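build the 3D model from these lines:
(one chain, ligands or ions: 1)
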Amino acid sequence: MTPDELRKSVLGVKRWSRSDQRAPNKPLMMAYVLAKYVQGHKQMFSYEDEVDRDLHALLKRFGPSRKVYHPEYPFWRLLNDGIWRLDNAEECLPRKSNTDPPKSELIKHGVTAGFSDDAFALLKNDTKFSMELLERILTDSFPESIIPEITAQLGLEFTFKKITKRDPNFRREVLRAYNYQCAVCGYDLRMDDISVGLEAAHIKWKQFHGPCDVSNGLTLCAVHHKAFDKGAYTITEDFKIKLSESLNGGVQVERLFFDFEGKAIRLPIKDNWLPNVQYLNWHQKEVFK
Ligand SMILES: [Zn+2]
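Take a look at the predicted model:
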């Protein structure tokens, strides 16, 4: 296996974003393993002692809200992508509904997993290559605003320097449509005529084919942008602010969030700039916690 073949295979795992539904299981599994390799971890990872706890935490924090999280799915299913190795897997009995085993079987037989021998040979002494793959995986699945938090949880400093191309018109058009004010709180600091701390957010993420169009944009201050991408709140079909039940904090959080609960956002002046309900629904379903 050459580095190029491995790169292709890892990016070929990108099956998860073919549909609109977020399924960050495999990306987060691979990102976790790559981050650990950079930190000197051995090839194989124990399901019971490591992945069950660590990947569960990552899925809960950065994946869409679910009743139950399944770190065992990518741990097992990456085998189908040709870059993965499972040990002690032979005796695992499958679940009733599928060919892969429940987590109880993984624990019972002490199953371990990691990148295949060929892949690991390329990765283990090449931090730069591991980091490159990690970056590609994360930028394919998550908006920029969240990636530093993921890398921090993976035990790494955020050092990606790649300049991603963005649609220069998107920011300008969205800020203009919302009259250079945060749609949630109205924040509009300017230094002379330059806005400070205002951002154009995508409602439906670019990573899931959300367009760079005003109807898929919101002008938000940096705080409300980050909180929106984390699913701390969403916007309902009638353009009202709905907060996640997980929110808590002191006086400032009350001012920045609880005071706006159930209130309408500041809408753009023209009707064809209104947020598209289809994109709002996607955010509510796939991002909102
Ligand atoms: Zn704001």
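
ok but Ser215 is inside a helix, no?
Yes: membership of Ser215 in a helix is supported by DSSP: H, G, I helix; E, B strand; the rest coil.

can you tell me how far it is from the ion?
20 Å (Cβ to the ion, to the nearest Å). Any C-beta I mention is one placed from the backbone N, CA and C, and that applies to glycine too.

could you do Gly197 as well?
9 Å.

show me the contacts for the closest residue to that residue other than its chain neighbours.
Of all residues not flanking Gly197 in the chain, Ala222 sits nearest, at 4.9 Å (Cβ to Cβ, 6 or more residues apart in numbering). Ala222 makes contact with 197-199, according to Cβ atoms under 8 Å, 6 or more residues apart in numbering.

would you list the phi and psi of Ala222?
Dihedral pair for Ala222: phi -60, psi -40, per degrees, to the nearest 10.

now Ser46
phi -80, psi 130.

again with Phe258
Note on Phe258: backbone dihedrals following degrees, to the nearest 10 are phi -60, psi -30.

contacting residues around it?
Per Cβ under 8 Å, 6+ apart, neighbours of Phe258: 243, 247.

can you tell me how far it sits from Ser244?
12 Å (Cβ to Cβ, to the nearest Å).

wouldn't Cys92 be in contact with Lys103 here?
No: the pair Cys92 / Lys103 is not scored as a contact, 10.2 Å apart, by Cβ atoms under 8 Å.

hang on, Ala152 packs against Phe158?
Yes: if you go by Cβ under 8 Å, Ala152 and Phe158 touch, sitting 6.9 Å apart.

if I look at the residue nearest to Gln39 when sequence neighbours are not counted, how far off is Val38?
Once flanking residues are discounted, Gln39 sits nearest to Gly155: 6.1 Å by Cβ to Cβ, 6+ apart. Here Gly155 is placed at a distance of 9 Å from Val38 (Cβ to Cβ).

who's more crowded, the two?
Shown here are Gly155 and Val38; by other Cβ atoms under 10 Å, Val38 has more neighbours (20 against 11).

now do the contacts for that one.
Here Val38 is in contact with 127, 130-131, 134, 156 (criterion: Cβ under 8 Å, 6+ apart).

repeat the analysis, applying 10 Å as the threshold.
By Cβ atoms under 10 Å, 6 or more residues apart in numbering, the contact list for Val38 reads 123-124, 126-131, 134, 154-156.

looking at these, which are in helices?
123, 127-131, 134 (DSSP state H).

coming back round to it: neighbour-wise, which of the contacts of Val38 leads?
Leu134 (25 neighbours).

tally of neighbours for Leu243?
By other Cβ under 10 Å, the residues close to Leu243 number 17.

go on, Arg95?
Neighbours around Arg95, by other Cβ under 10 Å: 14.

cool, and Val253?
15.

that one - nearest residue in space that isn't next to it in sequence?
Ranked by Cβ to Cβ, 6+ apart and with sequence neighbours excluded, the top spatial neighbour of Val253 is Leu247, at 7.1 Å.

any idea how far that neighbour is from Phe288?
Counting by Cβ to Cβ, the gap from Leu247 to Phe288 is 12 Å.

wait, what's in contact with Cys221?
Cys221 is in contact with 181-189, 195-199, 227, 256, counting by Cβ under 10 Å, 6+ apart.
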